[in-house]
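**Q** Build me a model from this:
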Amino acid sequence: MPANFSDAEQRAHDPSAHEQRVDSEKTVARNPHPDFGKVQASREDWREDRSWNITKTRNPEWQLGDGANDGGESLKKDHVEIDPYAEGRPAVFNYKLLISGMVPRPIGFISTRSKDGSSTNLAPFSYTNVVNHDPPVFAVGFAGGFSNAKDTLRNLSETGECVINMISEHMLEAANATSINAPYGVSEWALTGLTPADCAEVKCSRVKESVFSIEGKLMDTKEFESRQTKGKKTGVLAIIEGVRFWVREDALNEEKNIIDPAVLRPMSRLGGITYGRIVEGVELPRLDFDEAVKKGGKENLVKAKLEV
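**A** Below you'll find the predicted structure:
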């Protein structure tokens, strides 16, 4: 159920709390380039001709028991053990490690509206994913606790409503612009130039340019506490039920159950300031045990789990 904010937590909804979050962002230091414009200019131009394509897998002849298809190269490398709570290791190190390793991640471009309807918010969150289909359930992670809640979390908690919009290639720059450190009270919608569209079940707007949008209602929240600093709240998990889907007509099949990746052209989140394009895919059917093992002559691979 939606969280209730105390008087102390309400004070986080002011410019000073915004400044604290800006300072925190500086600590993360995502941008590795002193002069990004110069680095950007040196790179290959965006290729509009990169149409969606499905290729063969790396090893189409792979069979049960063959292992990795790199000829054993990955087994020649050692691993480094990392204790996330090691003495002297700041929590931001774990953050940077995780967002560079747990990739690619979907980006939930979330639109919300304040309880009194006087303001709106639009922001991207890469701690987003689908976790169930009946009912449709989505998980979104927010940095910071309720006492230092961003507008999206505050609005979601107070109204119980949001829209999760997916980000495609044609709207990447606009979506990224919503993470700008604008002064408190400035509209993200206006900065992006994106178009708000009416919804059916929630009062906040969806992004009309988004190929796929999900109207959501809050089911529950879970606040997390730091393992390193006792009493410090570091994040909130929001569990959201999808109550209405919006799919652009040219991306949807006749049965209304598949979205065409060639039209969706989704962008994924990688580490730091890096995004990934999805322009190529491979197809792999799920294996049938009898066909793959018995008919394939692989009975020697069938062992009890404790014997592996």
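**Q** For the rest of this, base every contact and every neighbour count on C-alpha atoms.
**A** OK.
**Q** so where do the helices sit in the stretch 201-308 of the chain?
**A** 261-264, 289 (DSSP state H, counting those that start in this stretch).
**Q** These: lowest mean pLDDT?
**A** Ranked by mean pLDDT, those bottom out at helix 289, which scores a mean of 91.
**Q** Summarise which helices and strands that one is packed against.
**A** For helix 289, there is no helix or strand it packs on, judged by 3 or more CA pairs under 8 Å, 6 or more residues apart in numbering; DSSP states H and E.
**Q** quick revisit: can you tell me which of the helices of the stretch 201-308 of the chain is packed in deepest?
**A** helix 261-264 (a mean of 17; mean count of other CA atoms under 10 Å).
**Q** How far does it sit from its chain's centre?
**A** 18 Å (CA atoms, centre = their mean, to the nearest Å).
**Q** Give me the residues contacting stretch 218-235.
**A** 1-3, 85, 91, 141-147, 156-157, 160-162, 236-241 (CA atoms under 8 Å, 6 or more residues apart in numbering).
**Q** Okay, and which of these map to helices?
**A** Judged by DSSP state H, those include A91, L156, S157 as members of helices.
**Q** distance of the first one from G145?
**A** Using CA to CA, to the nearest Å, we find A91 at a distance of 15 Å from G145.
**Q** ok, the closest residue to G271 other than its chain neighbours - how many residues close by?
**A** Closest residue in space to G271, ignoring its immediate chain neighbours: S100 at 3.8 Å, by CA to CA, 6 or more residues apart in numbering. S100: 16 surrounding residues under other CA atoms under 10 Å.
**Q** so S100 touches Y275, yeah?
**A** No. Using CA atoms under 8 Å, S100 is not in contact with Y275; the gap is 10.8 Å.
**Q** on that earlier part again, in a markdown table, list the ones in helices among the contacts of stretch 218-235 along with neighbour count, distance to A68 and pLDDT.
**A** Converted to a markdown table, the ones in helices among the contacts of stretch 218-235 look like this (neighbours: other CA atoms under 10 Å; distance: CA to CA, whole Å; pLDDT from 0 to 100):
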| residue | neighbour count | distance to A68 | pLDDT |
| --- | --- | --- | --- |
| A91 | 16 | 33 | 91 |
| L156 | 25 | 44 | 97 |
| S157 | 26 | 45 | 97 |
